[in-house]
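Enquirer: Got a predicted structure plus its sequence, pasted below:
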Amino acid sequence: MAVNPVDTDLTELDDTRDSTWSPYLRAIPVSGIRRMVDVASKMDDVIHLSIGQPNFPTPRHIIDAHIDALEQGQTGYTMDAGLPELLDALAEYYGKRYNRTLTPENILVTTGATEAMYLALTATSAPGRQFLVTDPTFLLYAPLIRMNGGEVKYIPTRAENGHQLDPQEVIDAMGMRTYGIVLNSPSNPTGTVYPRETIETILEEAAYRGIYVYSDEVYDHLLLDDIEFPSVLRYAPDLDNVMMVSSFSKTFSMAGLRIGWLISSQGAIRKLRRYHMFTTTVANTPAQWAGVAALRGPMDCVDDMVKEYAARRDRLVQLVGDTPNLTGYWPQGAFYMFPSLPARTDASKVCMRMLRETGVCTVPGDAFGESCLNSFRISYSTSMDKIEEAFERIMPWLDKQTFE
Ligand SMILES: Cc1ncc(COP(=O)(O)O)c(C=O)c1O
């Protein structure tokens, strides 16, 4: 079974007292999904609502471009910043999409958004610097900040308002030590999309105070309602204190090809190019050619995927609404929902029992932070049939459980 490697690879370090490893490495926690997937792997007939990657095939023209690149001998290193053709395509694509002048010098091509976020956060995190991170949040950010001695200050979001971020709460959380804020919209694990006003208000205040904004926009195309995507690239006054991270993984269902990028000021990119040389040197060359084909090719393949995600989201919202002891909301993006069990429930125990007793695998809230321990993540990156079948099992089971 394919699971998100980010969710799995961080998991072997469950002895935090083992002095073999540096304190930095020991900042990486045991992943909540690993516990679930380990148990699931020993069971038959499991339905996974736990997968963090698209379940569609990569569009044919992208595969063909990848194969062509291999056949034409495109198997050497590229320039350190990335394949020039891909840098041009990205500058043109984002320039048009967000009406912002970008040059290839604003861009660094990386091994997935994961490397881009690794470079961005570890190159700037340091003792005495505080980073604001939403809670719940994608599991990468806080460990990367802590690994380099930075401090994480969580800003809890709440299921009652669809896990929206209150910009005033963000401003109130900014203090003398605040160095950066990490945004992720559409969000993993909640599927929340922040509206333009939220992004604009945060960017404006951050620019005023000289606080860095790191924006993870890997789900920028997976918008399931008819709304415009408010990227920081559109609304930031300039890129001096902004780093935008994205990739082909989700939009074009090419997570295994591992191509992402970071967009920022030319000064920041110059510094990060040097760092990139010491991490992965360059990203995979034929996969960068596949990326050029993705950006320059037709977008109807993406529209088709988004339509299917939207249909699944609609049905999931109904199913969650009909399930006893479960409270949902309306997620507008990505392919996740983060419904809640009754207050004070330990979702990690419930999810584990639910897996063992119904064979439905989800990811409990403690994998994503500290404030939503009664919630769990459902990924609907699986077929409608599987979603229906999962709820045929979950509904009667949850009905029988007793909560405080
Ligand atoms: C919010 C978020 N950011 C980044 C990533 C990593 O993406 P990539 O495959 O580009 O490294 C993921 C993958 O699940 C994600 O959910």
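Expert: That came through fine.

Enquirer: Check which residues of stretch 77-84 are buried.
Expert: 78, 81-83 (16 or more other C-beta atoms under 10 Å). Where C-beta positions appear, they are placed from N, C-alpha and C, glycine not excepted.

Enquirer: where's residue 319 relative to residue 160, distance?
Expert: The spacing between residue 319 and residue 160, counted by C-beta to C-beta, to the nearest Å, is 20 Å.

Enquirer: Close to the ligand: what parts of the protein are there?
Expert: If contact is defined as C-beta under 6 Å from any ligand atom, the residues of the chain in contact with the ligand are 4, 6, 52, 112-114, 138, 184, 188, 216, 218, 247, 249, 255, 260.

Enquirer: try 8 Å
Expert: Within reach of the ligand by C-beta under 8 Å from any ligand atom, the chain has these residues: 4, 6-7, 52-53, 111-117, 138, 140, 184, 187-188, 216, 218-219, 245-250, 255, 258-260, 334.

Enquirer: Give me the number of neighbouring residues for whatever residue of the chain ends up closest to the ligand.
Expert: Scanning the chain for the residue nearest the ligand gives residue 112, at 2.6 Å (criterion: C-beta to the nearest ligand atom). One way to gauge burial is a neighbour count; for residue 112, by other C-beta atoms under 10 Å, it gives 27.

Enquirer: repeat for residue 117
Expert: When neighbours are counted by other C-beta under 10 Å, residue 117 registers 26.

Enquirer: Who are the contact partners of it?
Expert: Contact partners of residue 117, counting by C-beta atoms under 8 Å, 6 or more residues apart in numbering, are 140-141, 144, 214, 216, 245.

Enquirer: Swap in 7 Å and give it another go.
Expert: Residues counted as contacts of residue 117 (C-beta atoms under 7 Å, 6 or more residues apart in numbering) are 140, 144, 216, 245.

Enquirer: Look up how far residue 128 lies from it.
Expert: Look at residue 117 and residue 128: by C-beta to C-beta, they are 21 Å apart.

Enquirer: Quick one: the strands in the stretch 101-250 of the chain, in order.
Expert: For the stretch 101-250 of the chain, the strands defined by DSSP state E, counting those that start in this stretch cover 107-110, 130-135, 151-156, 178-184, 212-216, 242-247.

Enquirer: Just send the ones you listed back as CSV, with mean pLDDT too.
Expert: What follows is these, written out as CSV (pLDDT from 0 to 100):
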stretch, mean pLDDT
strand 107-110, 98
strand 130-135, 98
strand 151-156, 97
strand 178-184, 98
strand 212-216, 98
strand 242-247, 98
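
Enquirer: Could you dump those into JSON lines and include mean neighbour count?
Expert: Converted to JSON lines, those look like this (neighbours: other C-beta atoms under 10 Å):
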{"stretch": "strand 107-110", "mean neighbour count": "28"}
{"stretch": "strand 130-135", "mean neighbour count": "22"}
{"stretch": "strand 151-156", "mean neighbour count": "16"}
{"stretch": "strand 178-184", "mean neighbour count": "23"}
{"stretch": "strand 212-216", "mean neighbour count": "24"}
{"stretch": "strand 242-247", "mean neighbour count": "26"}
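
Enquirer: Let's have these in a markdown table, adding distance to residue 233.
Expert: As requested, those are exported to a markdown table (distance: least, C-beta to C-beta, whole Å):
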| stretch | distance to residue 233 |
| --- | --- |
| strand 107-110 | 11 |
| strand 130-135 | 20 |
| strand 151-156 | 22 |
| strand 178-184 | 12 |
| strand 212-216 | 8 |
| strand 242-247 | 5 |
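
Enquirer: Now do the contacts for residue 75.
Expert: If a contact means C-beta under 7 Å, 6+ apart, then residue 75 has 285-286 as its contacts.

Enquirer: mind checking the SS state of it?
Expert: For residue 75, the assignment made with DSSP: H, G, I helix; E, B strand; the rest coil gives coil.

Enquirer: Mind pulling up the pLDDT for it?
Expert: Here, the pLDDT recorded for residue 75 equals 97.

Enquirer: Going forward, the N-terminal residue is numbered 34.
Expert: With the count now opening at 34, the last piece we talked about shows up as residue 108.

Enquirer: Which ones among the buried residues of stretch 110-117 lie within helices?
Expert: Judged by DSSP state H, helices contain none of the buried residues of stretch 110-117.

Enquirer: Return the member of these nearest to residue 274.
Expert: residue 114 (20.7 Å; C-beta to C-beta).
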